[in-house]
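*Asks:* Prediction below, plus the sequence it came from.
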Amino acid sequence: MEVQHAKVILAIVEEGSMVGAAEALGVTQPAISAALGQFERELGILIFHRSRKGLQLTERGKSILPAVRSFLDSEKEILGHFHVQSKTQGPLRIAGRQGFMQDVFPPLLDKLRKTYPEISIESATSGSQSEVIEALQSGRADIAFAPSPKVKSIAAEIFHHDPIRLAVSRNHPLARKRTISKQDIARLTFCLPSKSDRLRKPIEKFLQRISAKPAVALETNDYTVMRNIIAGSMYAGFIYGHMLVNPEARKMLKPLELSQLDIWRDLTLLYRRDDLAPHGITAKELFIKESKKLLSKYAK
């Protein structure tokens, strides 16, 4: 019996369907079906009855269920022993969204290396939301930084409420003003995230309180590109607060002080519920602690 076969059987029993098991384990439904079929062929028995009402354990399936649970309990015991032995040592693989990995992750990584020199960073990759989640699900990453996905097998811990800032270039006329009025905002030309971005709707609601039809010159979902465009033009735009951790960004951009702007996104640290590397727990705790201190400094 392989560990994955045991996990599939128990997930189907607990969730009541292949679809539910797939969601719980963070894999596709065909993968669940293939794993179950392979195990049934190896044993030469039928573990589940298939019907329109779902999957039900056969008598033979019921008879092997205690062995499946015992097998997984033994695996947890072994991993728990390994966790005690290797909590602060070993390789760590990390993935994250491009902006976070570019602006915030470097100082956090430096802190991790100084605090726990026994932990080596095997890989630190950046990508889109789907790429980061895939890296975590496939086991190519131990922990990740990305918006929380709706996947049962992935745990998400919020470590910062990241504010959205209205920003202009340091050369923009508004960069020299202490207070910004509604009339000032109404005269701006904006660079906005596209309508597919989840932040577009709250941003539009904010702008509609200022102007019936705000001027939009450019739309992009790449916030690094957006930041660079704003910095080199007379456009205004909305960027994440964590992007101001980057020293170069602070030299180029001026966040405008707007008391009426109240938009934010939760920054989360992700890991698989059933497969967090032991030393990843230590790294996770450090990342959350240090991220809060670092980001709070620039959120005000």
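*Replies:* Ah, there it is.

*Asks:* contacting residues for the residue positioned nearest the centre of the chain?
*Replies:* Note on the chain: the residue nearest the mean C-alpha position is residue 146, at 2.0 Å, using C-alpha atoms, centre = their mean. Residue 146 is in contact with 95-97, 100, 129, 132-133, 268, 270, counting by C-beta atoms under 8 Å, 6 or more residues apart in numbering. Bear in mind the C-beta positions are built from the backbone N, C-alpha and C, glycine included.

*Asks:* Can you tell me the element the nearest residue to it once chain neighbours are set aside falls in?
*Replies:* The spatial neighbour of residue 146 that comes closest, neighbours along the chain excluded (C-beta to C-beta, 6 or more residues apart in numbering), is residue 132 at 4.4 Å. Residue 132 belongs to helix 129-138 when assigned by DSSP states H and E.

*Asks:* Name the next helix or strand downstream of that helix, please.
*Replies:* strand 143-145.

*Asks:* Now do that following strand: everything it contacts.
*Replies:* Contacts for strand 143-145 (C-beta under 8 Å, 6+ apart): 92, 94-97, 100-101, 105, 132-133, 135-136, 267-271, 276-277, 280, 283-284, 287.

*Asks:* what's the answer for stretch 31-49, then?
*Replies:* In contact with stretch 31-49 (C-beta under 8 Å, 6+ apart) are residues 1-2, 4-5, 8-9, 11-12, 18, 21-22, 25, 55-58, 60-61, 64.

*Asks:* What are the structural domain limits within the protein?
*Replies:* Listed domain ranges for the chain are 3-85, 90-160+266-299, 163-263 (source: automatic domain parsing).

*Asks:* I'd like those domains written out as CSV, with mean pLDDT added.
*Replies:* As requested, the domains of the chain are arranged in CSV below (pLDDT from 0 to 100):
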stretch, mean pLDDT
domain 3-85, 80
domain 90-160+266-299, 86
domain 163-263, 89
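
*Asks:* Take the contacts of stretch 31-49 and keep only those in helices.
*Replies:* Residues of the contacts of stretch 31-49 located in helices (DSSP state H): 4-5, 8-9, 11-12, 18, 21-22, 25, 60-61, 64.

*Asks:* Tell me the buried residues within those.
*Replies:* 5, 8-9, 11-12, 18, 21-22, 25, 61, 64 (16 or more other C-beta atoms under 10 Å).

*Asks:* Rebuild those residues as a markdown table, extending it with distance to residue 225.
*Replies:* Listed next are those as a markdown table, based on distance: C-beta to C-beta, whole Å:
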| residue | distance to residue 225 |
| --- | --- |
| 5 | 45 |
| 8 | 42 |
| 9 | 47 |
| 11 | 41 |
| 12 | 44 |
| 18 | 41 |
| 21 | 40 |
| 22 | 35 |
| 25 | 36 |
| 61 | 54 |
| 64 | 55 |
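
*Asks:* Go through the residues you listed and name the one nearest residue 216.
*Replies:* residue 22 (40.2 Å; C-beta to C-beta).

*Asks:* returning to what we had before: which of the contacts of residue 146 has the largest number of neighbours?
*Replies:* Highest neighbour count within the contacts of residue 146, by other C-beta atoms under 10 Å: residue 132, with 26 neighbours.

*Asks:* need the contact list for that residue.
*Replies:* By C-beta under 8 Å, 6+ apart, the neighbours of residue 132 are 95-97, 126, 141, 144-146, 270.

*Asks:* of all the residues you listed, which two lie farthest apart?
*Replies:* Farthest-apart pair in those is 126 and 270; separation 14.1 Å (C-beta to C-beta).

*Asks:* for the buried ones among the ones in helices among the contacts of stretch 31-49, which one is nearest residue 210?
*Replies:* Using C-beta to C-beta, those come closest to residue 210 at residue 22, 45.4 Å.
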